[in-house]
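Engineer: Give me the fold of what follows.
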Amino acid sequence: MTRSASISQPIAVVMGVAGSGKTTIGHLLAERLGVVYAEADSFHPPANVAKMMAGQALDDDDRRPWLAAIAAWIRDQVNTDKGGVVSCSALRFQYRDRLREAYPDAWFLHLDIDRALAVERVASRHGHFMPASLVDSQLQTLEPLLPGERGTVVDASAAPEEITRTALRRFNEYRAAGRPEEPPAAP
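Structural biologist: Numbers count the residues shown, from 1 in each chain. This is a model prediction of the structure:
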């Protein structure tokens with residue numbers, strides 16, 4: 001059973017569309033927080049990877065087992081009081097809600113990026129299954145953080161160290177206040 005009280009270690013989800021820098025920032029944030037990092041891509045079942053490699057966008061049915069696996073990882077981190085950072089596109093409110101079922105106090109870092117930069121970054125990646133052609137479908141699916149959701153929005157075009165510093169500052173402010181932060185607009 002998932003505990004509803006805060007654990008001593010944080011749970012953060014780095015979210016955004018492909019190319020926003022989730023993996024890079026996730027690693028940096030986990031390192032600074034002294035917790036483990038999990039890459040959401042490693043939770044995809046083979047059928048999802050094959051579908052994306054074929055240039056087909058995932059639908060809610062495809063994402064269901066993927067989100068369940070990430071939620072199970074979060075639950076394990078909470079139950080063992082280890083904390084952690086996981087990257088996950090978490091594009092829709094309902095997807096984030098699924099992750100919050102595992103831990104209601106999960107904090108979301110939305111890496112906000114414009115289409116051109118996202119496409120450029122995805123197109124320049126080598127050895128990744130996600131083609132640049134799927135960025136548009138992710139942008140169409142994206143539901144930004146809503147007021148009252150625990151988390152913040154950061155401009156993903158900034159340097160990784162700057163993004164991480166901003167995220168840490170806002171996360172620490174959130175934890176110190178002990179209440180959800182209204183997501184500010186990206187700078």
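Engineer: After the helix or strand of the chain with the lowest mean pLDDT, which helix or strand is next?
Structural biologist: Here the helix or strand of the chain ranked lowest by mean pLDDT, DSSP states H and E is helix 46-53, holding a mean of 73. Going down the chain from helix 46-53, the next helix or strand is helix 60-79, by DSSP states H and E.
Engineer: could you give the mean pLDDT of the next helix-or-strand element following that following helix?
Structural biologist: Where DSSP H and E defines the elements, the next helix or strand beyond helix 60-79 is strand 84-87. What strand 84-87 shows for mean pLDDT is 96.
Engineer: Strand 84-87 packs against which elements?
Structural biologist: Contact partners of strand 84-87 among helices and strands, from 3 or more Cβ pairs under 8 Å, 6 or more residues apart in numbering; DSSP states H and E: strand 11-15, helix 22-33, strand 37-38, helix 60-79. The C-beta positions use only the backbone N, C-alpha and C, and glycine is treated the same way.
Engineer: If I follow the layout properly, H27 ends up in contact with V36?
Structural biologist: No - H27 sits out of contact with V36 when judged by Cβ atoms under 8 Å, with a separation of 10.5 Å.
Engineer: which of those two has more neighbours?
Structural biologist: Neighbour count, other Cβ atoms under 10 Å: between H27 and V36, H27 has more, with 17 against 14.
Engineer: how many neighbours does the nearest residue in space to that one that is not next to it in sequence have?
Structural biologist: The shortest distance from H27 to any residue that is not its chain neighbour, by Cβ to Cβ, 6 or more residues apart in numbering, is 5.4 Å, and that residue is Y37. For Y37, the number of neighbouring residues by other Cβ under 10 Å comes to 18.
Engineer: which ones are touching Y37?
Structural biologist: By Cβ atoms under 8 Å, 6 or more residues apart in numbering, the contact set of Y37 is G26, H27, L29, A30, E31, G84, V85, V86, S87.
Engineer: In stretch 99-115, which residues are buried?
Structural biologist: For stretch 99-115, burial by neighbour count (16 or more other Cβ atoms under 10 Å) applies to 99-100, 102-113.
Engineer: Which ones among these map onto helices?
Structural biologist: Among the buried residues of stretch 99-115, the members falling in helices (DSSP state H) are L99, R100, A102.
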